[in-house]
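Visitor: Dropping the sequence and predicted coords here.
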Amino acid sequence: MVGIASTLLADRARARRSREEGDQAARRQVYGDYLAALARTRNQLRIAARSADTPTEERARTALEAFRDGNAYELRYQVAIVAPERVVGASTAAFRALRDLRDLVEGGAVHTEEGYLELRDRWEDAFAELRAAMRSDVERWRERGRGPVVRG
């Protein structure tokens with residue numbers, strides 16, 4: 001009986017550990033995909049803001065397309081489902097800063113304007129905070145002995 005109970009407990013612990021490792025791998029994937037989507041969107045907004053000789057309407061369309069095509073909306077909701085509150089808060093702040101930057105570019109701002117520079121700095125700070133929150137979450141799992149840390 002003792003042998004059977006020990007085997008069952010060990011199997012259960014292995015199954016739980018395997019499930020947790022799978023959950024953490026999925027979380028790391030969502031984090032990476034979301035960061036990439038935000039960075040892609042930001043790059044397209046930067047390009048639009050640097051096109052001062054392009055008509056305002058075209059820059060506005062480029063800004064809207066960058067946000068739509070960047071996939072950040074969809075991934076933001078995935079992060080909200082799997083991440084702890086600190087990461088979700090940082091995700092929301094970064095997303096809103098990027099959205100505000102989009103709105104400014106959509107309104108005709110270019111990369112040399114003071115308002116653009118201020119929002120760009122706010123975005124960069126929010127994006128850095130998001131990366132730090134995600135890194136901290138991933139490292140927390142490593143400290144528990146349940147998975148590798150991804151640096152970057």
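Guide: Nice, I can see it. Numbers count the residues shown, from 1 in each chain.
Visitor: for the protein, what spans make up the helices?
Guide: 2-49, 56-69, 72-82, 85-106, 114-143 (DSSP state H).
Visitor: Pick the most buried one from those helices.
Guide: helix 85-106 (a mean of 20; mean count of other CB atoms under 10 Å). C-beta coordinates here come from the backbone N, C-alpha and C atoms, glycine included.
Visitor: if we can go back for a sec, which one of the helices of the chain has the poorest average confidence?
Guide: Mean pLDDT per stretch puts helix 2-49 lowest among the helices of the chain, at a mean of 80.
Visitor: Report the separation between the closest residue in space to Arg120 that isn't next to it in sequence and Ser136.
Guide: Excluding its sequence neighbours, the residue lying closest to Arg120 (CB to CB, 6 or more residues apart in numbering) is Leu101, at 6.5 Å. Distance, Leu101 to Ser136, by CB to CB, to the nearest Å: 25 Å.
Visitor: just Leu98 next, same as before
Guide: 21 Å.
Visitor: what's the answer for Phe95, then?
Guide: 19 Å.
Visitor: Next: Ile47.
Guide: In terms of CB to CB, Ile47 sits 32 Å off from Ser136.
Visitor: Equivalent analysis for Asp100, please.
Guide: 25 Å.
Visitor: same question, Ala25
Guide: Taken as CB to CB, the span from Ala25 to Ser136 is 17 Å.
Visitor: same thing with Arg76?
Guide: 19 Å.
Visitor: What residues does Gln44 make contact with?
Guide: Shown in contact with Gln44 (CB atoms under 8 Å, 6 or more residues apart in numbering): Thr62, Ala63, Glu65, Ala66, Asp69, Gly70.
Visitor: for Leu38, same thing?
Guide: Gly70, Ala72, Ala94, Phe95, Leu98, Phe127, Leu130.
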